[in-house]
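Undergrad: this is the structure alone, sequence omitted:
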(Lines give C-alpha, C1' and ligand atoms only; values in the text may rest on other atoms or scores of the structure.)
Protein backbone atom coordinates (compact mmCIF):
# COMPACT_ATOMS: atom_id res chain seq x y z
CA UNK A 1 0.00 0.00 0.00
CA UNK A 2 1.56 3.24 -1.13
CA UNK A 3 1.60 6.27 1.10
CA UNK A 4 -0.44 9.19 -0.11
CA UNK A 5 1.70 12.18 -1.05
CA UNK A 6 1.85 14.87 1.58
CA UNK A 7 0.19 18.14 0.77
CA UNK A 8 2.79 20.85 0.41
CA UNK A 9 2.25 24.00 2.40
CA UNK A 10 1.91 26.93 0.04
CA UNK A 11 3.29 30.35 0.90
CA UNK A 12 0.70 32.62 2.47
CA UNK A 13 -0.42 35.52 0.27
CA UNK A 14 -2.65 37.79 2.35
CA UNK A 15 -4.94 40.09 0.36
CA UNK A 16 -3.70 43.65 -0.12
CA UNK A 17 -6.14 46.54 0.18
CA UNK A 18 -5.94 49.80 -1.75
CA UNK A 19 -5.67 52.87 0.48
CA UNK A 20 -5.84 56.50 -0.63
CA UNK A 21 -3.18 59.05 0.45
CA UNK A 22 -5.70 60.60 2.87
CA UNK A 23 -5.10 57.51 5.01
CA UNK A 24 -1.77 59.06 6.04
CA UNK A 25 -3.60 61.66 8.14
CA UNK A 26 -5.47 58.89 9.94
CA UNK A 27 -2.26 56.93 10.57
CA UNK A 28 -0.56 59.98 12.04
CA UNK A 29 -3.55 60.80 14.23
CA UNK A 30 -3.54 57.24 15.57
CA UNK A 31 0.24 57.40 15.91
CA UNK A 32 0.01 60.42 18.23
CA UNK A 33 -2.83 58.71 20.11
CA UNK A 34 -0.71 55.60 20.70
CA UNK A 35 2.23 57.74 21.81
CA UNK A 36 0.13 59.46 24.48
CA UNK A 37 -1.52 56.22 25.59
CA UNK A 38 1.74 54.26 25.78
CA UNK A 39 3.65 57.06 27.51
CA UNK A 40 7.25 56.52 28.51
CA UNK A 41 7.68 53.04 26.90
CA UNK A 42 6.99 54.73 23.57
CA UNK A 43 9.13 57.81 24.28
CA UNK A 44 11.96 55.51 25.36
CA UNK A 45 12.26 54.35 21.74
CA UNK A 46 12.63 57.95 20.62
CA UNK A 47 15.27 58.61 23.27
CA UNK A 48 17.24 55.52 22.26
CA UNK A 49 17.13 56.48 18.57
CA UNK A 50 18.19 60.04 19.43
CA UNK A 51 21.13 58.76 21.49
CA UNK A 52 22.24 56.40 18.71
CA UNK A 53 21.97 59.24 16.18
CA UNK A 54 24.15 61.52 18.31
CA UNK A 55 26.76 58.78 18.68
CA UNK A 56 26.80 58.28 14.90
CA UNK A 57 27.26 62.01 14.33
CA UNK A 58 30.04 62.05 16.92
CA UNK A 59 31.85 59.23 15.15
CA UNK A 60 31.55 60.93 11.78
CA UNK A 61 33.11 64.09 13.21
CA UNK A 62 36.18 61.97 13.90
CA UNK A 63 36.17 60.43 10.42
CA UNK A 64 34.15 62.60 8.03
CA UNK A 65 33.90 60.14 5.06
CA UNK A 66 31.46 58.09 7.14
CA UNK A 67 29.05 61.04 7.34
CA UNK A 68 27.06 60.62 4.09
CA UNK A 69 26.69 56.87 4.45
CA UNK A 70 26.18 56.74 8.21
CA UNK A 71 23.21 59.12 8.27
CA UNK A 72 21.42 57.41 5.39
CA UNK A 73 22.55 53.99 6.61
CA UNK A 74 20.84 54.65 9.93
CA UNK A 75 17.61 55.31 8.05
CA UNK A 76 18.06 51.88 6.47
CA UNK A 77 18.12 49.99 9.79
CA UNK A 78 15.64 52.32 11.51
CA UNK A 79 12.49 50.32 10.61
CA UNK A 80 13.53 47.19 12.49
CA UNK A 81 14.19 49.23 15.64
CA UNK A 82 10.46 50.04 15.73
CA UNK A 83 9.42 46.43 16.50
CA UNK A 84 8.72 47.38 20.11
CA UNK A 85 6.47 50.25 19.01
CA UNK A 86 4.38 47.85 16.95
CA UNK A 87 3.92 45.64 20.01
CA UNK A 88 2.78 48.65 22.05
CA UNK A 89 0.27 49.64 19.35
CA UNK A 90 -1.05 46.06 19.31
CA UNK A 91 -1.66 46.22 23.07
CA UNK A 92 -3.49 49.53 22.75
CA UNK A 93 -5.53 48.12 19.87
CA UNK A 94 -6.62 45.26 22.13
CA UNK A 95 -7.64 47.70 24.85
CA UNK A 96 -4.80 46.58 27.13
CA UNK A 97 -2.16 48.69 28.90
CA UNK A 98 1.07 49.17 26.93
CA UNK A 99 4.09 48.17 29.01
CA UNK A 100 7.79 48.35 28.28
CA UNK A 101 8.07 44.59 28.72
CA UNK A 102 5.64 44.19 25.81
CA UNK A 103 8.19 45.90 23.58
CA UNK A 104 10.92 43.59 24.89
CA UNK A 105 8.68 40.54 24.42
CA UNK A 106 8.18 41.50 20.77
CA UNK A 107 11.88 40.82 20.22
CA UNK A 108 11.80 37.65 22.29
CA UNK A 109 8.83 36.11 20.47
CA UNK A 110 9.95 37.07 16.98
CA UNK A 111 13.66 36.98 17.68
CA UNK A 112 14.67 34.56 14.93
CA UNK A 113 12.77 36.29 12.11
CA UNK A 114 13.58 39.77 13.38
CA UNK A 115 17.24 38.83 13.74
CA UNK A 116 17.39 37.64 10.15
CA UNK A 117 15.64 40.76 8.98
CA UNK A 118 17.86 42.97 11.12
CA UNK A 119 20.98 41.33 9.72
CA UNK A 120 19.67 41.92 6.20
CA UNK A 121 19.16 45.63 6.92
CA UNK A 122 22.50 45.94 8.69
CA UNK A 123 24.13 44.33 5.64
CA UNK A 124 22.43 46.83 3.32
CA UNK A 125 23.39 49.72 5.60
CA UNK A 126 27.02 48.58 5.91
CA UNK A 127 27.38 48.10 2.16
CA UNK A 128 25.96 51.57 1.60
CA UNK A 129 28.35 53.19 4.08
CA UNK A 130 31.34 51.43 2.47
CA UNK A 131 30.21 52.43 -1.03
CA UNK A 132 29.82 56.05 0.10
CA UNK A 133 33.32 56.05 1.59
CA UNK A 134 34.80 54.65 -1.62
CA UNK A 135 32.97 57.14 -3.84
CA UNK A 136 34.04 60.17 -1.83
CA UNK A 137 37.59 58.95 -1.19
CA UNK A 138 38.53 58.09 -4.76
CA UNK A 139 36.37 60.41 -6.86
CA UNK A 140 35.99 63.64 -4.87
CA UNK A 141 39.04 65.80 -5.43
CA UNK A 142 38.02 68.73 -3.24
CA UNK A 143 39.94 69.37 -0.03
CA UNK A 144 37.62 68.02 2.67
CA UNK A 145 38.96 67.79 6.23
CA UNK A 146 35.74 67.79 8.23
CA UNK A 147 31.94 67.83 8.13
CA UNK A 148 31.76 71.58 7.40
CA UNK A 149 34.06 71.16 4.40
CA UNK A 150 31.79 68.35 3.23
CA UNK A 151 28.70 70.57 3.53
CA UNK A 152 30.45 73.34 1.57
CA UNK A 153 31.32 70.79 -1.11
CA UNK A 154 27.68 69.69 -1.32
CA UNK A 155 26.51 73.29 -1.78
CA UNK A 156 29.17 74.32 -4.29
CA UNK A 157 29.99 71.02 -6.03
CA UNK A 158 30.20 71.13 -9.82
CA UNK A 159 30.97 67.47 -10.60
CA UNK A 160 28.69 64.47 -11.02
CA UNK A 161 29.82 62.43 -8.02
CA UNK A 162 27.35 63.90 -5.57
CA UNK A 163 24.57 63.51 -8.15
CA UNK A 164 25.55 59.86 -8.60
CA UNK A 165 25.62 59.38 -4.81
CA UNK A 166 22.17 60.98 -4.54
CA UNK A 167 20.73 58.69 -7.21
CA UNK A 168 22.24 55.61 -5.55
CA UNK A 169 20.97 56.77 -2.16
CA UNK A 170 17.49 57.12 -3.61
CA UNK A 171 17.61 53.60 -5.05
CA UNK A 172 18.80 52.13 -1.75
CA UNK A 173 16.10 54.02 0.15
CA UNK A 174 13.38 52.93 -2.32
CA UNK A 175 14.33 49.25 -2.15
CA UNK A 176 14.64 49.35 1.63
CA UNK A 177 11.29 51.08 2.01
CA UNK A 178 9.58 48.55 -0.27
CA UNK A 179 10.81 45.56 1.72
CA UNK A 180 10.26 47.06 5.18
CA UNK A 181 7.08 49.16 5.14
CA UNK A 182 4.81 46.33 6.29
CA UNK A 183 7.20 43.40 6.75
CA UNK A 184 8.47 44.31 10.23
CA UNK A 185 5.02 44.89 11.80
CA UNK A 186 3.85 41.71 10.09
CA UNK A 187 6.73 39.72 11.62
CA UNK A 188 5.77 41.10 15.04
CA UNK A 189 2.06 40.44 14.55
CA UNK A 190 1.71 37.18 12.60
CA UNK A 191 3.33 33.76 12.44
CA UNK A 192 5.03 34.20 9.07
CA UNK A 193 8.53 33.70 7.74
CA UNK A 194 10.84 36.51 6.72
CA UNK A 195 10.49 35.81 2.95
CA UNK A 196 6.69 35.82 3.27
CA UNK A 197 6.79 39.18 5.04
CA UNK A 198 9.17 40.62 2.44
CA UNK A 199 6.96 39.53 -0.45
CA UNK A 200 3.87 40.94 1.25
CA UNK A 201 5.60 44.29 1.76
CA UNK A 202 6.61 44.52 -1.91
CA UNK A 203 3.06 43.63 -2.98
CA UNK A 204 1.65 46.30 -0.66
CA UNK A 205 3.87 48.97 -2.22
CA UNK A 206 3.10 47.89 -5.80
CA UNK A 207 -0.65 47.94 -5.06
CA UNK A 208 -0.52 51.43 -3.46
CA UNK A 209 2.29 53.29 -5.26
CA UNK A 210 0.95 56.82 -4.77
CA UNK A 211 0.06 56.39 -1.10
CA UNK A 212 3.33 54.62 -0.29
CA UNK A 213 5.36 57.27 -2.10
CA UNK A 214 3.59 59.99 -0.10
CA UNK A 215 4.27 58.09 3.13
CA UNK A 216 7.95 57.67 2.22
CA UNK A 217 8.21 61.41 1.54
CA UNK A 218 6.68 62.17 4.92
CA UNK A 219 9.23 59.89 6.63
CA UNK A 220 12.01 61.67 4.72
CA UNK A 221 10.74 65.11 5.77
CA UNK A 222 10.25 64.06 9.40
CA UNK A 223 13.74 62.57 9.49
CA UNK A 224 15.21 65.69 7.90
CA UNK A 225 13.47 67.86 10.50
CA UNK A 226 14.85 65.64 13.27
CA UNK A 227 18.38 65.97 11.90
CA UNK A 228 17.94 69.74 11.66
CA UNK A 229 16.99 69.84 15.36
CA UNK A 230 20.20 68.05 16.35
CA UNK A 231 18.31 64.72 16.48
CA UNK A 232 15.96 65.94 19.22
CA UNK A 233 12.98 65.68 16.90
CA UNK A 234 13.38 61.90 16.89
CA UNK A 235 12.28 61.78 20.55
CA UNK A 236 8.68 62.37 19.48
CA UNK A 237 8.65 61.81 15.72
CA UNK A 238 10.26 58.37 15.76
CA UNK A 239 7.63 56.76 18.01
CA UNK A 240 4.86 58.57 16.13
CA UNK A 241 6.15 57.23 12.80
CA UNK A 242 6.47 53.76 14.31
CA UNK A 243 2.94 53.70 15.69
CA UNK A 244 1.57 55.19 12.46
CA UNK A 245 3.35 52.46 10.47
CA UNK A 246 1.50 49.87 12.52
CA UNK A 247 -1.84 51.36 11.49
CA UNK A 248 -0.66 51.55 7.89
CA UNK A 249 0.04 47.82 8.04
CA UNK A 250 -3.34 47.08 9.59
CA UNK A 251 -5.18 49.08 6.90
CA UNK A 252 -3.24 47.75 3.91
CA UNK A 253 -2.76 44.03 4.69
CA UNK A 254 -5.66 41.65 5.40
CA UNK A 255 -4.07 39.17 7.82
CA UNK A 256 -7.31 37.58 9.02
CA UNK A 257 -6.33 34.21 7.52
CA UNK A 258 -2.88 34.09 9.17
CA UNK A 259 -2.38 32.88 12.75
CA UNK A 260 -1.10 35.32 15.34
CA UNK A 261 2.47 35.04 16.49
CA UNK A 262 2.69 33.58 19.97
CA UNK A 263 3.16 36.33 22.53
CA UNK A 264 4.69 36.18 25.98
CA UNK A 265 2.45 37.14 28.88
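TA: Happy to help now that I have it. Nothing here was measured: the structure is a model prediction, and the numbers come from that model. Numbering: from 1, shown residues only.
Undergrad: could you list the low-confidence segments of the stretch 101-250 of the chain?
TA: Across the stretch 101-250 of the chain, the stretches falling below the confidence threshold (pLDDT under 70) are 108-112, 136-137, 139-162.
Undergrad: tell me where it has helices.
TA: 111-139, 147-156, 161-180, 183-189, 194-207, 209-228, 234-252 (DSSP state H, counting those that start in this stretch).
Undergrad: which of these sits most buried?
TA: The highest average neighbour count among these, using mean count of other Cβ atoms under 10 Å, belongs to helix 183-189 at a mean of 27. All C-beta spots, glycine's among them, are computed from the backbone N, C-alpha and C.
Undergrad: can you list contacts of that one?
TA: Residues from elsewhere that reach helix 183-189, judged by Cβ atoms under 8 Å, 6 or more residues apart in numbering: 79-80, 82-83, 86-87, 90, 106, 110, 113-114, 117, 192, 194, 197-198, 200-201, 245-246, 249, 253, 255, 260-261.
Undergrad: gap between that helix and the chain center?
TA: In terms of Cα atoms, centre = their mean, to the nearest Å, the centre of helix 183-189 is found 11 Å from the chain centre.
Undergrad: equivalent analysis for stretch 251-260, please.
TA: That offset, for stretch 251-260, works out to 20 Å (Cα atoms, centre = their mean).
Undergrad: got the contact list for that stretch?
TA: 12, 14-17, 19, 23, 26-27, 182, 186, 189-192, 200, 204, 207-208.
Undergrad: between the helices of the stretch 101-250 of the chain, which one is closest to residue 35.
TA: With Cβ to Cβ as the criterion, residue 35 lies closest to helix 234-252 of the helices of the stretch 101-250 of the chain, at 5.2 Å.
Undergrad: report the distance from that closest one to the chain centre.
TA: 10 Å.
Undergrad: same check, this time on stretch 179-193
TA: 12 Å.
Undergrad: and that stretch, end to end?
TA: 13 Å (Cα to Cα, to the nearest Å).
Undergrad: begin at 389 from here
TA: In the new numbering, first residue 389, that becomes stretch 567-581.
Undergrad: sorry, back to before: for PyMOL, write the selection for the buried entries among the contacts of stretch 639-648.
TA: With 16 or more other Cβ atoms under 10 Å as the criterion, this PyMOL line picks the buried residues out of these:
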select buried, resi 400+402+404+407+411+415+570+574+577+578+580+588+592+595+596
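Undergrad: just the contacts of stretch 639-648: which are in strands?
TA: Per DSSP state E, strands hold no members of those.
Undergrad: figure out which of the helices of the stretch 489-638 of the chain is closest to residue 431.
TA: Here helix 622-640 is closest among the helices of the stretch 489-638 of the chain (Cβ to Cβ), at 6.3 Å.
Undergrad: returning to what we had before: the helices of the stretch 489-638 of the chain into TSV, with extra columns for distance to residue 488?
TA: Supplementary listing: the helices of the stretch 489-638 of the chain in TSV, determined by distance: least, Cβ to Cβ, whole Å:
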stretch	distance to residue 488
helix 499-527	17
helix 535-544	35
helix 549-568	24
helix 571-577	15
helix 582-595	25
helix 597-616	23
helix 622-640	13
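Undergrad: how far off helix 622-640 does the helix or strand hosting residue 432 point, in degrees?
TA: Using DSSP states H and E, residue 432 falls within helix 428-450. Orientation check (axes from the mean of the first three to the mean of the last three Cα atoms, to 10 degrees): helix 428-450 against helix 622-640 gives 120 degrees.
Undergrad: packing partners of helix 428-450?
TA: Helix 428-450 sits against helix 411-426, helix 454-469, helix 471-481, helix 488-497, helix 622-640, with contacts defined as 3 or more Cβ pairs under 8 Å, 6 or more residues apart in numbering; DSSP states H and E.
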